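**Student:** give me a 3D structure for the following:
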Amino acid sequence: MKRFVLPILVLVVFMFESIFVNFVAMASPWRDWILSPHFVVVVLAFMSVYYHPKQAMLYGVILGFMYDIAFTDVLGVYALGLPAVCYIVSKLMKIFQQNTLIVICMSLLAVAIIEFYVYGINSIINISDMTIGRFLQERFYATIILNAIFALIFAFPLQRCFQYFAKFIDER
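**Tutor:** Modelled structure (predicted):
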C-alpha cells in the first residue's frame, strides 16, 4: 500500500495545478499576469534531491506526456523537459550543500528552465508571438513568484515525505 502513496501524491499535485489555474490564476485581480503554476516541477525537483533522481526522471516522462496531452498542442515538449530538469537538479545538487533553502532555489531554477524551454520551443515553431520582454513582464516573473510561494509553503512537508519514502525503499 505504501508504494501507491507516492504516485497518488504526484497525481494530486498535477490535478491541483489545473484546479489552481481555473479558480485562482484566472481570477480578476491576476488578469494582468499569466500565472503558470509548475507545482509538479517543484515536486519533481524535491524528489530528485531527497528521493531518487532516476525515479524523478521516470515520473517526469510520465507527467510530461500527461502535460502534453492535456495542456499543449505539441507532444513531447514537457515529456523531454521535465526529466531533463530533474537530471540537471540532481547534478547541481552534487555541487551545492543539501539544505532546504538551496533545494527551494534549485526548484525555482527548474521552473525557470522549463519556462524558458517552453517559450523557446513555442517561439521556434511559431505557436507564440510573445516577445521576450513581454514574456518576462507578463509571465515569467509572476510564475517564479507563484512557484516560490508554493515551494516555501510545501518545502518541509515535501522534504519529510521524500526522505520517508527513501528510508522506506532502503528498508525493503
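
**Student:** switch to C-alpha atoms for all contacts and neighbour counts from now on
**Tutor:** Will do.

**Student:** and F96, how far is that from I144?
**Tutor:** 21 Å (C-alpha to C-alpha, to the nearest Å).

**Student:** actually F156, not the one I wrote
**Tutor:** For F156, the distance to I144 - C-alpha to C-alpha - is 19 Å.

**Student:** give me the more crowded residue out of the two.
**Tutor:** I144 (20 against 12; other C-alpha atoms under 10 Å).

**Student:** now the longest helix seen in the chain: buried residues?
**Tutor:** Secondary structure of the chain read by DSSP state H shows that its longest helix is helix 141-171. Under the neighbour-count criterion of 16 or more other C-alpha atoms under 10 Å, helix 141-171 has 142-144, 146-148, 150-151, 155, 158-159, 161-163, 165 buried.

**Student:** other SSEs contacting it?
**Tutor:** Contacts defined by 3 or more C-alpha pairs under 8 Å, 6 or more residues apart in numbering; DSSP states H and E place helix 141-171 against helix 39-50, helix 100-124.

**Student:** angle of the shortest one against helix 100-124?
**Tutor:** Think helix 39-50. 130 degrees (axes from the mean of the first three to the mean of the last three C-alpha atoms, to 10 degrees).

**Student:** which neighbouring elements make contact with whatever helix or strand comes next after helix 39-50?
**Tutor:** Per DSSP states H and E, the first helix or strand lying C-terminal to helix 39-50 is helix 53-71. With contacts taken as 3+ C-alpha pairs under 8 Å, 6+ apart, helix 53-71 sits against helix 39-50, helix 77-92.

**Student:** quick one: average pLDDT of helix 53-71?
**Tutor:** For helix 53-71, mean pLDDT rounds to 94.

**Student:** quick one, phi psi at G133?
**Tutor:** phi -60, psi -40 (degrees, to the nearest 10).

**Student:** against R139, how distant is it?
**Tutor:** Taken as C-alpha to C-alpha, the span from G133 to R139 is 10 Å.

**Student:** more crowded one of these two?
**Tutor:** R139 (17 against 10).

**Student:** fine by me, thanks again.
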